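Trainee: Sequence first, predicted coordinates after that:
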Amino acid sequence: FFFKQKTAYELYQCDWSSDVCSSDLLGAGTIFLLAILVLYFKDVDLFRLNSYQYRNFNLEERLLTEARVVWFYIRLILLPSIREMGIYHDDIALSTGLLSPVSTIVSVIAIIITLVATILIRKKEPVLAFGILWFFASHLLESTIIPLELVHEHRNYLAQYGLLLGIFFIPFSNNISLPKIARIKYPVIIIVITLLFFGTFFRADIWSSEWKLLNAGVKYHPASPRAQTALAILYADNGMFAKAAPHFQAAADLNKCSVDSMVRVVQFEYIRNKTITDKTLNKFQKRTANCPYTYVSIWVFNGLLDEVSSNKNYRKQLLGIYEHMITRPDIKLLPQWATAAYTKAGGVNYELGKYQKTIDFYEKTFPLEPKAFHFITTAILYVELGNVERAYEVIQELDKRRLALTPQDEENLAGLRSIFEQELLGNSSPKL
């Protein structure tokens with residue numbers, strides 16, 4: 001490793017004699033940057049950079065936004081406010097440039113100044129410097145280039161310990177001998193702990209029930225689509241459709257390129273009215289055709305297809321939208337997502353009697369993460385369509401994969417082998 005260890009005693013006594021020299025740091029940093037560049041240009045997606053296709057922001061926008069988010073995290077640590085806390089923080093505006101919003105460039109400059117100042121004071125105030133660097137290091141993974149969601153409070157749990165350690169250590173530092181600080185440090189600590197006690201008490205009360213939590217989410221974060229959706233679902237699940245409707249619509253309106261929220265609107269409209277307006281369907285179709293989506297979108301859409309299973313007309317319409325969405329050339333689904341989506345599309349087509357389309361979607365799973373039933377069902381349908389030779393080839397491929405078989409799979413497979421023996425007997429096909 002490039003970095004030498006320092007004991008707590010060395011930190012406390014400001015003993016930096018065993019500190020890492022600048023050449024070590026420069027060498028470590030250079031090697032790290034070179035490694036990142038090599039991996040990036042060799043198309044090794046170590047940091048899931050390809051996953052930006054599923055987000056409504058790019059790498060540059062994420063980095064710029066996270067500069068502001070870091071100061072939001074610091075504010076939650078030093079000046080915690082129940083109004084700013086919550087499960088969802090998707091109401092934080094995206095930074096699309098250094099001046100959009102202006103607070104972006106202020107945040108970037110402030111981070112640079114803080115880090116430079118930390119390096120400069122590291123010998124005089126090593127614990128404070130350690131705490132600040134601990135905070136920033138703790139946010140390196142989830143607040144830089146990896147395309148995760150932008151903000152979550154739990155990312156601050158580990159980071160806050162470094163910052164609090166450094167700040168609360170100052171009054172006890174040997175380098176500070178101001179009498180005034182010595183006189184007030186204990187009263188200040190007592191006041192801070194008391195305030196935190198009451199803050200924790202009120203926060204715990206909000207978390208004491210789902211109703212309080214989700215209503216507080218909308219109250220304090222009305223511009224959060226996810227907070228609006230969560231409360232809408234709670235109302236709908238309890239039969240309070242009149243109260244749920246405006247929150248479902250608000251979620252869709254707040255994020256005009258969200259597939260998930262529009263799925264919820266369509267599903268709620270059908271559950272409530274047993275009909276879906278053309279206006280809603282058209283808006284839904286446009287979003288699924290143009291907006292990014294994730295596995296959550298696929299999951300909620302699967303639920304929508306199940307919801308309308310009794311209405312053949314709507315199921316056909318929604319299946320067409322679903323098929324177009326999951327086969328969009330601009331989005332390359334991860335194997336597990338694609339397998340789940342193709343399985344659902346194939347299954348619904350099977351229920352609608354469209355066997356060839358079922359075959360098409362199930363065969364799409366073969367190079368991904370298929371299960372035995374994908375091969376067996378495909379083979380059965382080929383037999384139904386009179387193409388026994390192709391069915392035989394599919395089962396041969398299954399035999400090569402050595403996939404796990406359920407008792408139902410084994411029964412169906414035995415039936416297929418019996419058909420092959422009868423239909424292909426005397427042909428030049430390999431031995432069954």
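Mentor: Okay, I see it. Keep in mind the model is a prediction, meaning the values are calculated, not measured.

Trainee: Report the contact partners of Asp399.
Mentor: Asp399 is in contact with no residue at all, counting by C-beta atoms under 8 Å, 6 or more residues apart in numbering. The C-beta positions use only the backbone N, C-alpha and C, and glycine is treated the same way.

Trainee: Which of the helices or strands spans it?
Mentor: For Asp399, the element it lies in under DSSP states H and E is helix 388-401.

Trainee: Of all the residues in the very next helix or strand once past that helix, which ones are buried?
Mentor: Next helix or strand after helix 388-401 toward the C-terminus (DSSP H and E): helix 407-423. For helix 407-423, the neighbour count (16 or more other C-beta atoms under 10 Å) marks Asp409, Asn412, Leu413, Leu416, Phe420 as buried.

Trainee: Out of those, which comes closest to Ile146?
Mentor: Comparing the buried residues of helix 407-423 against Ile146 with C-beta to C-beta picks out Asp409 as the nearest, at 38.4 Å.

Trainee: mind checking how far that closest one is from Gly415?
Mentor: 11 Å (C-beta to C-beta, to the nearest Å).

Trainee: Over to Ala227?
Mentor: Taking C-beta to C-beta, one finds Ala227 at 52 Å from Gly415.

Trainee: Asn273 now?
Mentor: For Asn273, the distance to Gly415 - C-beta to C-beta - is 44 Å.

Trainee: how about the helices in the stretch 101-250 of the chain?
Mentor: 103-120, 126-138, 156-169, 179-206, 210-220, 225-237, 241-254 (DSSP state H, counting those that start in this stretch).

Trainee: who wins for proximity to Ala404 among these?
Mentor: When these are ranked by proximity to Ala404 (C-beta to C-beta), helix 225-237 comes first, at 35.2 Å.

Trainee: mean pLDDT lowest for which of the helices of the stretch 101-250 of the chain?
Mentor: Of all the helices of the stretch 101-250 of the chain, the minimum mean pLDDT falls on helix 179-206 (a mean of 83).

Trainee: Show me which residues of the helix holding Asp399 are buried.
Mentor: Under the neighbour-count rule (16+ other C-beta under 10 Å), helix 388-401 has Val388, Ala391, Tyr392, Val394, Ile395, Leu398 buried.

Trainee: Any idea how far stretch 118-130 is from the middle of the chain?
Mentor: Relative to its chain's centre, stretch 118-130 lies at 35 Å (C-alpha atoms, centre = their mean, to the nearest Å).

Trainee: Over to stretch 55-67?
Mentor: 14 Å.

Trainee: With stretch 81-88 instead?
Mentor: 19 Å.

Trainee: what's the answer for stretch 348-355, then?
Mentor: Using C-alpha atoms, centre = their mean, the offset of stretch 348-355 from its chain centre is 32 Å.

Trainee: Point out where this structure drops to low pLDDT.
Mentor: For the chain, the stretches flagged by pLDDT under 70 are 1-49, 172-182, 425-432.

Trainee: Quick one: classify Pro370 as helix, strand or coil.
Mentor: coil (DSSP: H, G, I helix; E, B strand; the rest coil).

Trainee: wait, isn't it in contact with Ala404?
Mentor: No - with contact defined as C-beta atoms under 8 Å, Pro370 does not reach Ala404; the gap is 11.4 Å.

Trainee: More neighbours: the two, which one.
Mentor: Pro370 (22 against 8; other C-beta atoms under 10 Å).

Trainee: Could you pull up the residues touching the residue lying closest to the more buried one once chain neighbours are set aside?
Mentor: Excluding the flanking residues, the one nearest Pro370 by C-beta to C-beta, 6 or more residues apart in numbering is Thr339, at 6.6 Å. Residues in contact with Thr339 (C-beta under 8 Å, 6+ apart) are Thr365, Leu368, Glu369, Pro370.

Trainee: burial of the second one, as a residue count?
Mentor: Here the number of neighbours of Leu368 (other C-beta under 10 Å) works out to 17.

Trainee: That one reaches Ala338, doesn't it?
Mentor: Yes - assessed by C-beta under 8 Å, Leu368 is found in contact with Ala338 at 5.4 Å.

Trainee: if we can go back for a sec, can you redo the buried residues of helix 407-423 as JSON lines with distance to Leu140?
Mentor: Shown next, in JSON lines, are the buried residues of helix 407-423 (distance: C-beta to C-beta, whole Å):
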{"residue": "Asp409", "distance to Leu140": "46"}
{"residue": "Asn412", "distance to Leu140": "51"}
{"residue": "Leu413", "distance to Leu140": "51"}
{"residue": "Leu416", "distance to Leu140": "54"}
{"residue": "Phe420", "distance to Leu140": "57"}
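
Trainee: how about the residues you listed, which pair is most distant?
Mentor: That would be Asp409 and Phe420, which, of the buried residues of helix 407-423, are the farthest apart (C-beta to C-beta) at 16.1 Å.

Trainee: Packing partners of the strand or helix carrying Glu323?
Mentor: Assigned by DSSP H and E, Glu323 falls within helix 312-326. Here helix 312-326 touches helix 259-273, helix 278-290, helix 295-307, helix 335-351, going by 3 or more C-beta pairs under 8 Å, 6 or more residues apart in numbering; DSSP states H and E.
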